[in-house]
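Engineer: Give me a 3D structure for the following:
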Amino acid sequence: MVVLGVDVHKDTHTTVVVDEIGRQVGQKTVRARDRGHAALVRWARTEHPEQRVWAIEDCRHVSTRLERALLAAGERVVRVPPKLMAGARASARTRGKSDPIDALAIARAALREPDLPAAEHDRTSRELKLLVDHREDLVAERTRMQNRVRWHLHELDPDLDIASRGLDRLHVLDRLRVWLERYQPGPESVVVARIAADLLADIRSSTVRINALERELSRLTEQLTPQLQTLPGVAGLTAAKIVGEAANITRFRSEACFAMHAGVAPIPASSGRTNRHRLARGGNRQLNAALHRIAVTQARMPDTLGHAYYQRRLANGDTKMEALRALKRRLARVVYRLLNTTTSSTTGPQPVAA
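Structural biologist: The predicted structure follows:
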């Protein structure tokens, strides 16, 4: 078996091939275009016909098209987190930094870590991830506009009272629009009122799109993962986030692998007579955040199993954060089982990574 480590960039992709003991046996650089991807696959099949694993640095916006081409060609692809490259590069005899050195570090990191996540989505999980990410981008843009319009409205009338989440609601935006139409600004406030009106119109347009996406995501997840939404604390958006970030739950060998990928598996930090664990700061932070929201919700709901488990951990001497981390680890097991029992899409894996 050989491992092909790829250092990805916007213009070029550099590939270094290593054998089973990490010795470099090949190297090639191609343009980061469809024709270059096809040439890279042909070269790999000609020069290295044995079993191959492609290891790509986890830079989604740069590596997506290459991953798509490799998966469409039937190749096996894994993603290497950048932090793993640092250790591989530091332990190498070659000093400095270049694309071939980075590609070699990627290949050796993949060789050292055989259980890296596969670069694979099924069609459903990819679509959900794209929609969830698009909605979050719209929310972030709307928040920036809301912050600006609040200061403009405060300049026009300091006594104008707007609730903290008021600018998320269409009826509040309509009321402010009517107020601005009736407002009689002085010469020094004409431009301020005009900018505020433009921002309110943009905020309203974004809110309509955000609400439509939320309804669409809730409808899709209700159809695709009805079992997941039976878990207290999981609504449509959280379910869509979990499915999109899990990216084909069958790629995880066990629930422990899923927990490690989500960054909720505790890391041993024991020494001598001290037996303890510390917080894991790695893993998929978006998936970790979704599990955190579920854990916080269940810890506050008195009639849930999560609340009972949280209180039991507190009674046994855990701090609130330790008990919450333990609850997140247990929820990862529950989510993994629910996703595995959910009827998956019949379209099969989509050769795309998001």
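Engineer: Which stretches in the stretch 101-250 of the chain count as helices?
Structural biologist: Here the stretch 101-250 of the chain has its helices, by DSSP state H, counting those that start in this stretch, at 123-156, 170-182, 190-224, 236-246.
Engineer: Out of these, which gets nearest to Leu287?
Structural biologist: Closest of those to Leu287 is helix 236-246, at 4.2 Å (criterion: C-beta to C-beta). (Glycine included, C-beta is placed from N, CA and C.)
Engineer: measure the residue nearest to the spatial centre of the chain to Asn316 for me?
Structural biologist: Nearest to the mean C-alpha position of the chain, by C-alpha atoms, centre = their mean, lies Gln286 at 4.4 Å. Distance of Gln286 to Asn316, given as C-beta to C-beta, to the nearest Å: 31 Å.
Engineer: likewise Pro268?
Structural biologist: Counting by C-beta to C-beta - Pro268 and Asn316 are separated by 19 Å.
Engineer: Relative to His261, how far out is the residue nearest to the centre of the chain?
Structural biologist: From Gln286 across to His261, the span is 11 Å (C-beta to C-beta).
Engineer: what does Gly26 give?
Structural biologist: With distances taken as C-beta to C-beta, Gly26 is found 30 Å from His261.
Engineer: same check, this time on His48
Structural biologist: Distance from His48 to His261, counting by C-beta to C-beta: 29 Å.
Engineer: Neighbour count for Gly26 and His261, which is higher?
Structural biologist: Neighbours per residue (other C-beta atoms under 10 Å) separate Gly26 from His261, with His261 holding more: 23 against 15.
Engineer: residues touching the more buried one, list them.
Structural biologist: Taking C-beta atoms under 8 Å, 6 or more residues apart in numbering as the criterion, His261 is in contact with 117, 252, 283-284, 287.
Engineer: so it, which of the three states?
Structural biologist: Classification of His261 using DSSP: H, G, I helix; E, B strand; the rest coil returns helix.
Engineer: Same check on the one 4 residues further on?
Structural biologist: Reducing the assignment to helix, strand or coil with three-state DSSP, the entry for Ala265 is coil.
Engineer: which one is it nearest to, not counting chain neighbours?
Structural biologist: In space, and not counting its chain neighbours, Ala265 is closest to Ala259: 4.4 Å by C-beta to C-beta, 6 or more residues apart in numbering.
Engineer: likewise Leu160?
Structural biologist: Excluding its sequence neighbours, the residue lying closest to Leu160 (C-beta to C-beta, 6+ apart) is Leu153, at 5.5 Å.
Engineer: can you count the residues close to the one you found?
Structural biologist: Neighbour count for Leu153, taken as other C-beta under 10 Å: 22.
Engineer: My read is that it contacts Leu176, right?
Structural biologist: Yes. Look at Leu153 against Leu176 with C-beta atoms under 8 Å: they come within range, at 7.2 Å.
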